[in-house]
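> Please work out how this folds:
(one chain, ligands or ions: 1)
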Amino acid sequence: MIRTRMSVLFLRKKGSNPLTLIPPVNDYLRSRPMRREEKIRIDAKSFRNLSKIIYERSGIHVMEGKEYLLENRLANRLKVNNCKSFEEYDYFLRYEPGGEKEITRMVECITTNETYFFREKSHFTMLREEILPQLIAKKRTSGNPTIRIWSAASSTGEEPYTISILVEEMKKELSGVRVEILASDINNSVIRAARRGIYGDNTVRHVPPDIRMRYFRKIDGRYHLDERIKSRVRFARLNLVDENRLRIAAGMDIIFCKNVLIYFDLAAKKKVVDSLYDSLLPGGYLLIGKSEALHDISRAFHPVKMRNGLVFQKE
Ligand SMILES: C[S@@+](CC[C@H](N)C(=O)[O-])C[C@H]1O[C@@H](n2cnc3c(N)ncnc32)[C@H](O)[C@@H]1O
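Numbers count the residues shown, from 1 in each chain. Model (predicted):
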């Protein structure tokens, strides 16, 4: 690394940008085979610049001390874009054609997409036994018998599909009431996977056996989700810190926004929770992850302790 930087500075044309190299050197650096053990370290300035872009684009706060996260998750992006250092990658993102598109890919690499069916099971018991029966009764007497549910950080689809399975199971109770499910995420690749609806053992491990039998077909060791469950869910790419785009998610009765606020700093959390508040109808419910909290973030919601857990209600 040191040798590379020294060559760059030595051969730099007078007055040119340090990253605009004399062509043969540039070609050599770009084509030099990278040894497997050669981990590219991030310098302090690139770390500041890249974490700022990530924060502005997604709300995800990469704290100082997490340099390894960018080094590990972005190593392949550097390789794909022929960048030999984070300094070069940072320059590419800002000033070169294709930089804007690459920013989207970079943010996707930083997101953590861990999820599985029936994650934090008591939330789904609460949905089935407490929230939905209440809403069904309310909607039946209203002029618009539609329940709208939004899974706001849906990752590969396990959360919205778990909701869709419960809705299918409650078909009789729901007669005359329509349920629409919107699922969204900032990451295009997880949305594509969600639309496919094909899963491995790990993600279906908490699915009760009878449900697994009814709604999945095992083909070549993979679980294919039934079309009835898939077709109830509409997927969209939505960035939770983009309040203008979030307007398409208005008039919600229930929002699941689970295990994503933990990646944001306080300012981003407040902004997102304010938008979720605006997306809910009066009396609507917000569910957040069990390791997440709303104190310090919003006083607008009323915490409601149900038999199966805590939910936040818009008054
Ligand atoms: C850990 S997963 C949570 C999945 C699911 N809600 C659950 O609890 O199992 C977090 C998801 O949040 C998404 N995410 C991160 N920042 C986001 C943002 N600004 N807007 C929308 N989604 C975001 C990530 O792409 C990731 O798929």
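> Would you state the helices of the chain in chain order?
2-11, 23-31, 44-58, 67-80, 86-95, 99-110, 121-126, 132-140, 158-169, 188-196, 209-215, 227-230, 266-279 (DSSP state H).
> Deepest in the core, which of the ones you listed is it.
Comparing these by mean neighbour count (mean count of other C-beta atoms under 10 Å), helix 158-169 ranks first with a mean of 23. For every residue, glycine as well, the C-beta is placed using N, CA and C.
> when you scan that one, is anything in it near the ligand?
Yes. On the criterion C-beta under 6 Å from any ligand atom, helix 158-169 is in touch with the ligand at residue 159.
> Up against the ligand, what does the stretch 201-315 of the chain have?
So the stretch 201-315 of the chain meets the ligand at 239-241, 258-260, 263, 289 (C-beta under 6 Å from any ligand atom).
> now, which of the residues you listed sits nearest residue 114?
Nearest to residue 114 among those: residue 259, at 7.7 Å, using C-beta to C-beta.
> The residue lying closest to that closest one once chain neighbours are set aside: what's it in contact with?
Of all residues not flanking residue 259 in the chain, residue 289 sits nearest, at 4.0 Å (C-beta to C-beta, 6 or more residues apart in numbering). By C-beta atoms under 8 Å, 6 or more residues apart in numbering, the residues touching residue 289 are 120, 258-262.
> could you redo the last one with a cut-off of 10 Å?
119-120, 123, 153, 256-262 (C-beta atoms under 10 Å, 6 or more residues apart in numbering).
> got it, and residue 80?
102, 105.
> all numbers from here: first residue = 33
From this message on, residue numbering opens at 33, which makes the last subject residue 112.
> How much space separates it from the ligand?
Noted for residue 112: a distance of 20 Å to the ligand, by C-beta to the nearest ligand atom, to the nearest Å.
> Please tell me how far that residue sits from residue 124.
From residue 112 across to residue 124, the span is 11 Å (C-beta to C-beta, to the nearest Å).
> Need the overlap of contacts for the two.
Common neighbours of residue 112 and residue 124 (C-beta under 10 Å, 6+ apart) are residue 134.
> Got the domain ranges for this structure?
Domain ranges of the chain: 65-142, 153-346, per automatic domain parsing.
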